[in-house]
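Trainee: Sharing a model prediction with you, sequence too.
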Amino acid sequence: MDRDIGLDRLASETHWDFLIIGGGATGLGAAVDAASRGYRVALVERADFAQGTSSRSTKLVHGGVRYLKQGNLSLVKGALRERGLLFQNAPHLVNPLSFIIPNYSWWEGPYFATGLKFYDWLAGSLGIENTKMLGKEAALEEIPSLRSEKLHGGVMYWDGQFDDARLAIDLAATTWENGGLALNYVDAKELIKENGRIAGALCEDSISGKAFEVKAKCVINATGVFSDNLRQRDKPAANKIIQASQGAHIVVSQELLPLKSALIVPKTTDDRVLFAIPWHNRVIIGTTDTPVDKIDLDPKPFPEEVGFIIENATNYLNVSIGPDDIKSAYAGLRPLVSLKSSGSSTAKLSRDHYIETSESGLVTIAGGKWTTYRKMAEDVIDRAEISSNQQHRDCRTENLKISCGQPKPEGELLHPDLPYTINQIEHSISEEMPRNLEDILSRRVRALTLDREAASSIADNVASLMVAKGIMAEDKRSASVEAFQAQAASSSSESVK
Ligand SMILES: Cc1cc2nc3c(=O)[nH]c(=O)nc-3n(C[C@H](O)[C@H](O)[C@H](O)COP(=O)(O)OP(=O)(O)OC[C@H]3O[C@@H](n4cnc5c(N)ncnc54)[C@H](O)[C@@H]3O)c2cc1C
């Protein structure tokens, strides 16, 4: 991916079939879908790819055990199918993971095992491994720090796990490979209307400040928690549909919490589930469900959320987690869709996706999950074809392989506690359009998510590689490193006090 070539194309080519606004899971999925159908598609993201919600998930490719409990079978079945397709199409980013539900009463084992065997059955031929009941010793073997008093055993089931930001970057690359265009740091400032119909957007390259009109037969609003901004630019009187809900996570070391399987806490104090999941040699613990009104691209975990996570995890674990144990903490905003202004809890709002076409032809897609991004993309492109009178072309993503961008690590690690090497950073700089240190250290590799101190300590090395490749000026280097280190320090310190 070459940003300069992409910008030239965006500014010079006329009459795209689709212009997609938003470069998270939803928009990038739609761009891959449209490009692979042979459409002329351009996607613009005003920050970096996946800088919003799509790099801040729990990293599960799952049907959603919680939704099974809520009885939403069609959502679970559809998501299990998508889980299976992702295993086939992006094997470099998705791996199977076993989960343990610990049982502290005699009836919990058969109760959870029955539900989870049904979950396996719903997955059909795309299932992973079968659910099984474990005795106390076997459960402790998987999660040695599980509280052992009154422990009867556990139920082990399987789901998928992935790297969310890497999948986003690889979807952008897949869009390019299929003839489409996906560009970061291009802001869709205004919608263009002709005769009352949406005809494109006025876009601005945030790096150079250059503005240009991008005309398209159909504009798709895939801006997640920001969806109402564009909907109201199209129609100022449009009612809001997004109810954002924050979810926070903390990251600790595997030495503190060694896990062979992930832990699922089946019932938190607010009647949800909580996970402790091994990921890239760390453990991610979360999440929360906190309704918020302030929509921020970079939300921070609230101290109460961190307290909630620690309390609910340590109800089941024989470890104590203090501020110094937290390697990193992050939060994201779920773009939940609420079609009526009820005051019901966000934990109960549907995780299904929602598509609407406005009177002037703006197609908005919101809600859903990372796991279902491919189906969401198929649905929105089908709808966008109709709303812009374009002849239907069949979706081709069921068997479309996702590009595998990141090379295997070669040579010395950049930091002993991080699994990344120079060849991987150099590849990202040349091929994956990062513009700053955070783009690289947070999303091309996941250093900032895994360990903020380790990420800070390699920032200068990475900056020199950026200078060498000509995407950072030498005189900006030390200021950039300092800014990144300040950001890394603030990224979780306030939350974990
Ligand atoms: C805490 C948490 C945990 C989750 N865990 C899981 C999980 O384990 N598994 C799972 O399947 N799903 C999970 N999800 C859900 C999943 O992460 C989201 O459904 C998905 O990432 C939403 O993607 P999106 O593209 O709709 O939104 P976003 O990722 O927010 O993308 C929208 C983008 O639009 C851009 N934008 C806004 N306005 C403009 C404009 N004018 N011009 C250009 N660009 C613009 C923004 O910068 C942003 O990058 C989780 C969500 C949260 C919050």
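Mentor: Arrived safely.

Trainee: which parts of stretch 126-134 are buried?
Mentor: G127, I128, T131, M133, L134 (16 or more other Cβ atoms under 10 Å). (Each C-beta comes from the backbone N, C-alpha and C, glycine too.)

Trainee: Could you pick out the residues of the stretch 301-450 of the chain near the ligand for me?
Mentor: By Cβ under 6 Å from any ligand atom, the residues of the stretch 301-450 of the chain that approach the ligand are G332, L333, R334, P335, G368, K369, W370, T371.

Trainee: repeat that with 5 Å
Mentor: For the stretch 301-450 of the chain, the residues in contact with the ligand (Cβ under 5 Å from any ligand atom) are G332, R334, K369, W370, T371.

Trainee: Identify those among those residues that sit within strands.
Mentor: G332, R334 (DSSP state E).

Trainee: What about the residues of the stretch 301-450 of the chain next to the ligand, which one has the most neighbours?
Mentor: T371 (28 neighbours; other Cβ atoms under 10 Å).

Trainee: List the residues that contact that one.
Mentor: Residues near T371 by Cβ atoms under 8 Å, 6 or more residues apart in numbering: L60, V61, H62, G63, G64, A79, E82, R83, L86, G160.

Trainee: Same list, these, but only the ones touching the ligand.
Mentor: Within those, those near the ligand by Cβ under 5 Å from any ligand atom are L60.

Trainee: buried subset of the contacts of T371?
Mentor: By 16+ other Cβ under 10 Å, those give L60, V61, H62, G63, G64, A79, E82, R83, L86, G160 as buried.

Trainee: now, which of the residues you listed sits nearest the ligand?
Mentor: L60 (3.5 Å; Cβ to the nearest ligand atom).

Trainee: What about G209, how many residues nearby?
Mentor: Neighbour tally, G209, other Cβ under 10 Å: 7.

Trainee: that older thread, now the residues of the stretch 301-450 of the chain next to the ligand in CSV, with pLDDT?
Mentor: Converted to CSV, those look like this (pLDDT from 0 to 100):
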residue, pLDDT
G332, 98
R334, 96
K369, 96
W370, 98
T371, 98
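
Trainee: and the residues of the stretch 301-450 of the chain next to the ligand, which two are the farthest apart?
Mentor: Spatially, the most separated pair among these is G332 and T371, at 14.8 Å (Cβ to Cβ).

Trainee: who's the closest residue to L181 other than its chain neighbours bridged to?
Mentor: Take L181 and drop its neighbours on the chain: the residue closest to it by Cβ to Cβ, 6 or more residues apart in numbering is A42, 4.4 Å away. A42 forms beta bridges with L19, L181, as assigned by DSSP bridges.

Trainee: picking up where we left off before, just the buried residues of stretch 126-134 now: which is nearest the ligand?
Mentor: Closest to the ligand, out of all of these and judged by Cβ to the nearest ligand atom, is I128, at 15.6 Å.

Trainee: hang on, the closest one in a helix?
Mentor: No. I128 is assigned coil when assessed by DSSP: H, G, I helix; E, B strand; the rest coil, not a helix.

Trainee: Does it touch P96 like I think?
Mentor: Yes. With contact defined as Cβ atoms under 8 Å, I128 reaches P96; the gap is 4.8 Å.

Trainee: any common contacting residues for those two?
Mentor: In contact with both I128 and P96: F87, W158, D159, G160, using Cβ under 8 Å, 6+ apart.

Trainee: Keep only those of the buried ones among the contacts of T371 that are in strands.
Mentor: L60, V61, G160.

Trainee: Show me what whichever strand or helix holds A489 is packed against.
Mentor: Assigned by DSSP states H and E, A489 belongs to helix 477-493. Packed against helix 477-493 by the contact rule (3 or more Cβ pairs under 8 Å, 6 or more residues apart in numbering; DSSP states H and E) you find strand 328-337, helix 437-438, helix 452-468.

Trainee: what about stretch 256-264, near the ligand?
Mentor: No. Using Cβ under 5 Å from any ligand atom, stretch 256-264 never reaches the ligand; the gap is at least 11.4 Å.

Trainee: In that stretch, which of the residues would be classed as buried?
Mentor: Going by 16+ other Cβ under 10 Å, stretch 256-264 has these buried residues: L256, L257, L259, S261, A262, L263, I264.

Trainee: go on, stretch 183-195?
Mentor: Quick answer for stretch 183-195 (16+ other Cβ under 10 Å): L183, N184, Y185, V186, D187, A188, L191, I192.

Trainee: Which member of these is positioned nearest the ligand?
Mentor: The closest of those, once distances to the ligand are taken by Cβ to the nearest ligand atom, is A188, at 3.7 Å.
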